[in-house]
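Colleague: Would you be able to build a 3D model of this:
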Amino acid sequence: MSNDITKAESFGWVFLFTAYSSIANLQSSLNSDDGLGTVSLSTIYVSLILSCIFLPSILIKKLGVKWTIFFSQLAYVLYIGANIFPRYYTLVPSAIILGPAPLWTAKCTFLTDLGNKYAKYSGESTEVVINRFFGIFFAMFQSGNIWGNIISSTVLKPELVENSTFVSNISFCGSNDCPGSGSVEIKKAQKSTVYILCGIYVGCALFAAFLILTLVDSYDKIGLNHSKGENKNPIRLLVNTLRHLRNKNQLLIIPLTMWSGFEQAFISADFTRSFISCVKGVDFVGYIMICYGVSDTLGSYGFGYVLKFIGRIPCFLIAAGLNYGTILLMTFWKPNEDSSYILFIIAILWGLSDAVWQTQINAFYGVIFQSSEEAAFSNYRLWESLGFVIAYAYSNYLCLYLLLVYLTVGILGYGTIEFRLKSQKSFGKMVRDKSLEELEIDEVSTNQIKNAKRRVFKNLIIIGLSWMFLFTAYNSIANLQSSLNTDAGLGTVGLSVTYVAFILSCLFLPTILIKHLGIKWTIFVSQLTYILYIGLNIYPRYYTLVPSAFLLGSGPLWTAQSTFLTDLGSYYSNLSAQIWGNLIISIVLKSDIKIDNALQNVSFCGRNDHPFIYILCVIFVFSAMIGSILIILFIDKYEKIGLSPSEEQKKSPVKMILNTFKNMKLLNQILLIPLTVWLGFEQAYLLADFTKSFVSCIKGVNFVGYVMVTYGVSSTIGSYWFGYMVKLVGRKIGFGLLAFLNYSSIILQLIWEPKIHESFVLFIIAIIWGATDAGWNTQINAFYGFVFKSREEAAFSNLKLWQSVGYAIAFAYSNLVQTSIKLYLLLMYLTIGLIGYGLVEYRLGRESTQQNDV
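Modeller: Next comes the predicted model:
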């Protein structure tokens, strides 16, 4: 039943982020006036930073995880809808609303609780179960990139774009796109197109919320026991979240968490604008980002399973390698008409690495901070949001090289945590011993176990479905921010604000909301903020996107989701030794977006006044709403599932905040910070820079959807596949593979000279990045859960905190530096993150050896 529940939740996310991801991918291209698109994206994470410390915990406590997820998804609907009329007074406010939504905190809490619960029945390693659950979830969630970009590619047809031209001088595209120079200008889509686009996305987001509302069970129905932190008052929860920063492992994971924000902000804002829109035109963003979505989806699914075979470290290294390679590729690549295929390569590689960052960082938080999951996930979103904010903030000013720095620092921190974990007693042996002591299978009938299993699995499916719908909308909108909302950098500003808000809030808000609302309602409420942000893309202005981005960023959605999946995953692993996630890919939409490429005229980038963009926004809002509805109707309460709040979750808000900061005192947390920041960096880069500088620049904004679908497929498959791979080859090899893929894709983007007939490179990049992103997300999350198993909330709060920092940083300089500089920075970030991860693995091994000797 655990898998059913996880898949249910995942479907909600698929619909939601089918809308959001697609609209985000287009922000830097569609809402390019005064950087509106990136400003709104930045606002989301600024808001998230401000609220993630306390809001998620409050909502989860008051509403429960299910309702928190539902209401959070509605915020996405609002933001997506704001794109129908993109102005600063529409997009920015909706981004502010979206940012605070505790969607991610609730999701992480839900998954973590499910994992822990299920592990008590099967006797399997909790780490393995949590990795599987996060892999299943992110595989479905990342597929939203596929569907959302298919929608944008279909709606943004070149024949429907006015004044569509190709770039006559593409020498300023790719890594040479320095936003401040004004050498690249994206044409605007017709308003009617934007209405259609936003309408579709709004519908997807609404359906996502519907899935959560109707299909996800409450905790009591599943039998989950949420952490006792839910009973704390908001002040203590806030303090515990901040205290979690005193955990050394939390401090070490911050850089990698921030990298998660950096890389996502880059791909959605800078890549879509400086590479895709600049080289191929904004209409090409969808095509290339489809590749990114496919790669990310496959990577998310695969890496979760590969991890148990090859280990966590190899998975992280693979993601880092992919990011390093991709950054270098973007740095050295000289855009030309004959090598536009490089854009696809970059999207694929980035999608693969993002799959690793997203799934593994989340799972890593759940593993190493099990006793403080809400505080940990709040920190996770806080720092990831900071990464988003920084990335979106500099999206209009800085260039590519900084991503290398962020990734390197993140890997160094992660490596240090792995080193610390190796010095401890073998985690698997401890879990098995504990499971044998606590297991009372004889007292439970076979039928009861089967029914419990089905209920848990049902909630797993609902969560996945909800996320699929929600982020089908959100990710699509985010991918388009740097291409659609280019005026005054609105797109990337909004994305940056989202993660700034997340950084400011994830230390206390997730814990407070989870305590007062419960996991279910925290997720629901958080999803509503996504709906708001997506909806406001209909009218993208600083006063609409930025506020909605701030609201979205403040949401504890991911902390609640990670907590839920971790608890649910444990439960499921004890009921069955075999957990299989079914990757359901139903391609019902036909992709065919093109808004004439800018390869013949540099002045092409921007929000094309096209009617179908509005339809797209509406569809995305609807998708996000479906995700929220799924949470409300079908997610069970903890008590119903058989889960109960952990001791950490029952603490007061003050203690929760303190625990979050205390987690930063842990050396492993400190060492993991660079890699966590890298997770934000690489996602921000693909979201903003890759979609803009590569896809939109080369093929046009209409091509973003196609490329990002590739990214989504790769990420989805990677999320599921990586879990198996890690099991076979080990964690270290898995991380190494991810790093290699990232390095390769980065280098490819650096050396590739975009050409029209080489646009397939965009899909290659999207596939590689999607696979690595799937690996990073699954493995970093799993690694956090493994390293901080007794402080999961504080650990995951730190994970999201530093990942948000990565997002914030990446989005912050998205419009400030040249794309090639951003790529070099990605190489640096990845390298530092890998070093930190290596040190953590070393410490873990040493501790394990010492304990075994004793």
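
Colleague: use CA for all of it now, contacts and neighbours both
Modeller: Will do.

Colleague: Could you check how far L728 is from I136?
Modeller: 18 Å (Cα to Cα, to the nearest Å).

Colleague: Give me the more crowded residue out of these two.
Modeller: Neighbour totals were compared for L728 and I136, and I136 leads with 38 against 18 (other Cα atoms under 10 Å).

Colleague: Would you mind confirming that the more buried one makes contact with W721?
Modeller: No - contact criterion Cα atoms under 8 Å: I136 and W721 do not qualify, at 9.5 Å.

Colleague: ok, T257 - how many residues close by?
Modeller: T257, neighbours per other Cα under 10 Å, totals 59.

Colleague: Surely it is in contact with A808?
Modeller: No - look at T257 against A808 with Cα under 8 Å: they stay out of range, at 11.0 Å.

Colleague: Name the residues contacting each of those two.
Modeller: Counting by Cα atoms under 8 Å, 6 or more residues apart in numbering, the shared contacts of T257 and A808 are 384, 387, 680.

Colleague: Which of the helices or strands spans the first one?
Modeller: This points to E384. helix 373-393 (DSSP states H and E).

Colleague: picking up where we left off before, so which of the shared contacts of T257 and A808 is the closest to A319?
Modeller: For the shared contacts of T257 and A808, the closest approach to A319 (Cα to Cα) belongs to G680, at 12.9 Å.

Colleague: what residues are up against that closest one?
Modeller: 256-265, 384-388, 802-808, 810.

Colleague: Please confirm that it is located within a helix.
Modeller: Yes - per DSSP: H, G, I helix; E, B strand; the rest coil, G680 lies within a helix segment.

Colleague: how close does it get to F457?
Modeller: Counting by Cα to Cα - G680 and F457 are separated by 29 Å.

Colleague: Burial check on T849, number of neighbours?
Modeller: 16.

Colleague: what's the helix or strand for it?
Modeller: helix 819-853.

Colleague: Check which helices and strands that helix is in contact with.
Modeller: Contacts defined by 3 or more Cα pairs under 8 Å, 6 or more residues apart in numbering; DSSP states H and E place helix 819-853 against helix 254-265, helix 313-332, helix 402-422, helix 667-687, helix 731-751.

Colleague: Lowest average pLDDT across those helices?
Modeller: Sorting those by mean pLDDT places helix 402-422 lowest, at a mean of 81.

Colleague: what helices or strands is it leaning on?
Modeller: helix 254-265, helix 313-332, helix 667-687, helix 760-787, helix 819-853.

Colleague: could I get these as a markdown table with distance to S548?
Modeller: Formatted as a markdown table, these follow (distance: least, Cα to Cα, whole Å):
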| stretch | distance to S548 |
| --- | --- |
| helix 254-265 | 17 |
| helix 313-332 | 30 |
| helix 667-687 | 18 |
| helix 760-787 | 25 |
| helix 819-853 | 27 |
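
Colleague: Figure out which of the ones you listed is closest to N31.
Modeller: Once the helices and strands packed on helix 402-422 are compared by Cα to Cα, helix 667-687 is nearest, at 14.1 Å.

Colleague: For the following helix or strand past that closest one, name the packing helices and strands.
Modeller: Scanning forward in sequence from helix 667-687 by DSSP H and E, the next helix or strand is helix 689-692. Here helix 689-692 touches helix 285-306, helix 342-368, strand 481-483, going by 3+ Cα pairs under 8 Å, 6+ apart.

Colleague: for the helix or strand immediately after helix 689-692 in the chain, packing partners?
Modeller: As assigned by DSSP H and E, the chain's next helix or strand after helix 689-692 is helix 695-698. Applying 3+ Cα pairs under 8 Å, 6+ apart, we find helix 695-698 packed against helix 278-279, helix 285-306, helix 704-729.

Colleague: Let's test this: mean pLDDT of helix 695-698, rounded?
Modeller: 80.

Colleague: Same check on stretch 808-821?
Modeller: For stretch 808-821, the per-residue pLDDT averages 79.

Colleague: tell me how far the ends of it are from each other?
Modeller: Termini of stretch 808-821 sit 17 Å apart (Cα to Cα).

Colleague: What is the distance between that stretch and the centre of its chain?
Modeller: 19 Å (Cα atoms, centre = their mean, to the nearest Å).

Colleague: which SS class is the closest residue to F550 other than its chain neighbours?
Modeller: Nearest non-adjacent residue to F550, counting by Cα to Cα, 6 or more residues apart in numbering: I96, 2.1 Å away. What three-state DSSP gives for I96 is helix.

Colleague: State the next helix or strand along the chain beyond the helix or strand hosting I69.
Modeller: Assessed by DSSP H and E, I69 sits inside helix 55-81. Going down the chain from helix 55-81, the next helix or strand is strand 86-87, by DSSP H and E.

Colleague: which other residues reach that following strand?
Modeller: Residues outside strand 86-87 that contact it (Cα under 8 Å, 6+ apart): 31, 36, 485, 536-545.

Colleague: In strands, which of those residues fall?
Modeller: Within those, residues falling in strands by DSSP state E are 31, 485, 539-540.

Colleague: From those, pick the one nearest G321.
Modeller: N485 (31.5 Å).

Colleague: That closest one - how many residues pack around it?
Modeller: The tally of other residues near N485 (other Cα under 10 Å) stands at 51.

Colleague: try H757
Modeller: So H757, with other Cα under 10 Å, has 14 neighbours.

Colleague: Strands of the stretch 101-250 of the chain, start to end?
Modeller: For the stretch 101-250 of the chain, the strands defined by DSSP state E, counting those that start in this stretch cover 185-186.

Colleague: can you give me the helices in it?
Modeller: 103-122, 126-155, 191-214, 219-222, 234-243, 248-251 (DSSP state H, counting those that start in this stretch).

Colleague: Report the angle between the second one and helix 342-368.
Modeller: Pointing back at helix 126-155 there. 150 degrees (axes from the mean of the first three to the mean of the last three Cα atoms, to 10 degrees).

Colleague: between helix 126-155 and helix 760-787, how big is the angle?
Modeller: 150 degrees.

Colleague: Quick check: I417 touching I835?
Modeller: No - judged on Cα under 8 Å, I417 makes no contact with I835 at a distance of 9.7 Å.

Colleague: More neighbours: which of those two?
Modeller: I417 (41 against 29).

Colleague: Now do the same contact list for that one.
Modeller: 249, 252-253, 667-672, 787, 836-844.

Colleague: Now with 7 Å, please.
Modeller: Contacts of I417 were listed using Cα atoms under 7 Å, 6 or more residues apart in numbering, and they are 249, 252, 667-669, 671-672, 836-837, 839-841, 843.

Colleague: May I ask you to confirm that R420 is in contact with E841?
Modeller: Yes - if you go by Cα atoms under 7 Å, R420 and E841 touch, sitting 6.0 Å apart.

Colleague: if we can go back for a sec, right, so the helices and strands packed on helix 402-422: which one is the most enclosed?
Modeller: helix 254-265 (a mean of 53; mean count of other Cα atoms under 10 Å).

Colleague: Report the inter-axis angle for it versus helix 342-368.
Modeller: Going by the same axes, to 10 degrees, helix 254-265 is angled at 150 degrees with respect to helix 342-368.

Colleague: Alpha carbons of helix 254-265, as PDB, please.
Modeller: Output in PDB follows, covering the C-alpha atoms of helix 254-265 (Å, rounded to 0.1, in the frame of the first residue of the first chain):
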ATOM      1  CA  ILE A 254      24.000  23.200   2.600                       C
ATOM      2  CA  PRO A 255      26.300  23.800  -0.400                       C
ATOM      3  CA  LEU A 256      24.900  20.900  -2.300                       C
ATOM      4  CA  THR A 257      21.400  21.800  -1.300                       C
ATOM      5  CA  MET A 258      22.000  25.300  -2.700                       C
ATOM      6  CA  TRP A 259      23.400  23.800  -5.800                       C
ATOM      7  CA  SER A 260      20.100  22.000  -6.300                       C
ATOM      8  CA  GLY A 261      18.600  25.500  -6.500                       C
ATOM      9  CA  PHE A 262      21.300  26.800  -8.700                       C
ATOM     10  CA  GLU A 263      21.200  24.100 -11.300                       C
ATOM     11  CA  GLN A 264      17.400  24.200 -11.500                       C
ATOM     12  CA  ALA A 265      17.300  27.900 -11.800                       C
END
